[in-house]
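Enquirer: For reference, the sequence and a predicted model appear below.
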Amino acid sequence: MSTQWRVKGTYFEACTCKGACPCLFGADPTEGSCNALVAWHIDQGNMDGLPLDGLNLAMALHSPENMTAGDWRVMVYIDASASQQQHDALAQIFGGAVGGHPATLAEFIGEILGVESVPMRYDIKGRHHQLEVGEIANASLNAIAGQNGEEVAISGHPLAVAPGNTGTVAQSEYVSHSGHGLDWSFSGRTAFYSPFQYQAA
């Protein structure tokens, strides 16, 4: 019998590209390569009846060139509040082992540098999102103000981590990561967030 799973919640990413990130449209990163911190907060989820509500998962990644070319180097962080069963379930889901859209994303990964259990905190306050991954990584971002102060949205982009959802364009206040050969700190660069929902194919 195939594994049944479903997760949904909020996704965000913050990267080193300047302006509107060309990676979303299959173009080259503005800096030639791209470093990014991405995260998922699960509002509701389960795998074969095992609840995954409230858990977080983050990845630090380096893409050496156009992201569609793959060969990403990735470090994975799983919420330390997860039980061992939940940890394993999240590793399978987001690692692409049990299908769905994460399996498509996993095809771009050239090397997984490691998977660690780390205390994590993901706070959402209106248009402000903040992530803490132990003492290893953190990020803070705000939605940019568009016409009449409204959010700026993007949808239908070809390189979609959360397909079928409209993303809100944001800008990072700060983003940092240290360790595993992925050492960087930057601010004022591209970011965005959106709802996501993944499930077994």
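Expert: Alright, I've got the coordinates. Numbers count the residues shown, from 1 in each chain.

Enquirer: Can you tell me which helices and strands the longest strand seen in the chain packs against?
Expert: Using DSSP state E to define each element, the chain has its longest strand at strand 34-47. Counting contacts by 3 or more C-beta pairs under 8 Å, 6 or more residues apart in numbering; DSSP states H and E, strand 34-47 packs against strand 5-15, strand 56-63, helix 84-94, strand 120-125, strand 137-143, strand 167-177. Glycine gets a C-beta too; all of them are placed from N, C-alpha and C.

Enquirer: who wins for proximity to Asn35 among those?
Expert: Nearest of these to Asn35, taken as C-beta to C-beta: strand 56-63 at 5.4 Å.

Enquirer: Partner strands of the closest one, with direction?
Expert: Using DSSP bridges, the strands paired with strand 56-63 are strand 34-47 (antiparallel), strand 72-79 (antiparallel).

Enquirer: would CSV of the ones you listed with distance to Ile136, mean neighbour count and mean pLDDT be doable?
Expert: Formatted as CSV, the strands paired with strand 56-63 follow (distance: least, C-beta to C-beta, whole Å; neighbours: other C-beta atoms under 10 Å; pLDDT from 0 to 100):
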stretch, distance to Ile136, mean neighbour count, mean pLDDT
strand 34-47, 10, 22, 96
strand 72-79, 7, 22, 97
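
Enquirer: Rebuild those as JSON lines, extending it with distance to Leu113.
Expert: Output for these, formatted as JSON lines (distance: least, C-beta to C-beta, whole Å):
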{"stretch": "strand 34-47", "distance to Leu113": "13"}
{"stretch": "strand 72-79", "distance to Leu113": "5"}
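
Enquirer: Among the ones you listed, which comes closest to Ser155?
Expert: Across the strands paired with strand 56-63, Ser155 has its closest neighbour in strand 34-47 (18.3 Å, C-beta to C-beta).

Enquirer: The very next helix or strand once past that closest one pairs with which strands?
Expert: Going down the chain from strand 34-47, the next helix or strand is strand 50-51, by DSSP states H and E. The strands beside strand 50-51 in its sheet (DSSP bridges) come out as strand 34-47 (antiparallel).
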